[in-house]
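Engineer: Everything below, folded, please.
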Amino acid sequence: MKTFITALVLAGVAIAGPASARMCIDTRDIVSSKSDDGKVMVFEMKNGQTLVNRLRGQCPDLKYNGFVWQLRSGDTMVCENAQSFQVIQSGQVCVLGAFDAPKQAMSKPPVVWDANKVQAPR
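Structural biologist: Residues are numbered from 1 along each chain as shown. Sure thing, here's the model as predicted:
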């Protein structure tokens, strides 16, 4: 009977698999951040990526004011579904939700056309 129970426990662990890893970013790599609606935060990163985070809950004051990360001393990493930050003027506390898949910067600048539909020089 013990063997059977042990086998069931081990099978449950195998089926569950490893816990999913959280995506974390280094705050030193953030070039800018913006939220137009208090629900989604967009981060522009030094490497050209754009990261979109769907905040947990609503953070309406974020549309109007900046924020500060609530980090432990010496830590610069912020992780999805774990990190909180505080809106400066109102004191509202908000929490990062899940990040969408990263969007890479364009490898080439877009083609620009002038008024005569002639490609403009870069």
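Engineer: who's residue 68 bridged to?
Structural biologist: residue 86 (DSSP bridges).
Engineer: how long is stretch 63-80 from one end to the other?
Structural biologist: 20 Å (CA to CA, to the nearest Å).
Engineer: now do stretch 73-87
Structural biologist: 19 Å.
Engineer: do you know how far the residue lying closest to residue 96 once chain neighbours are set aside is from residue 25?
Structural biologist: In this structure, residue 96 finds its nearest non-sequential neighbour in residue 83, 4.7 Å apart by CB to CB, 6 or more residues apart in numbering. In this view, the C-beta of every residue, glycine as well, is placed from N, C-alpha and C. Separation of residue 83 from residue 25 (CB to CB, to the nearest Å): 9 Å.
Engineer: Ok, residue 96 next?
Structural biologist: Remark: distance between residue 96 and residue 25 (CB to CB) = 9 Å.
Engineer: For the protein, which segments are assigned as strands?
Structural biologist: Using DSSP state E, the strands of the chain run over residues 24-26, 30-34, 40-45, 50-56, 67-69, 77-79, 84-87, 93-99.
Engineer: Serialize those strands to TSV and add fields for mean pLDDT and mean neighbour count.
Structural biologist: Formatted as TSV, the strands of the chain follow (pLDDT from 0 to 100; neighbours: other CB atoms under 10 Å):
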stretch	mean pLDDT	mean neighbour count
strand 24-26	92	15
strand 30-34	95	12
strand 40-45	94	18
strand 50-56	95	17
strand 67-69	94	15
strand 77-79	93	16
strand 84-87	95	18
strand 93-99	95	18
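Engineer: Hmm, residue 28 is touching residue 75, no?
Structural biologist: No. With contact taken as CB atoms under 8 Å, residue 28 and residue 75 are classed as non-touching, separated by 11.1 Å.
Engineer: And those two? Which one has more around it.
Structural biologist: More crowded of residue 28 and residue 75, by other CB atoms under 10 Å: residue 75, with 11 against 8.
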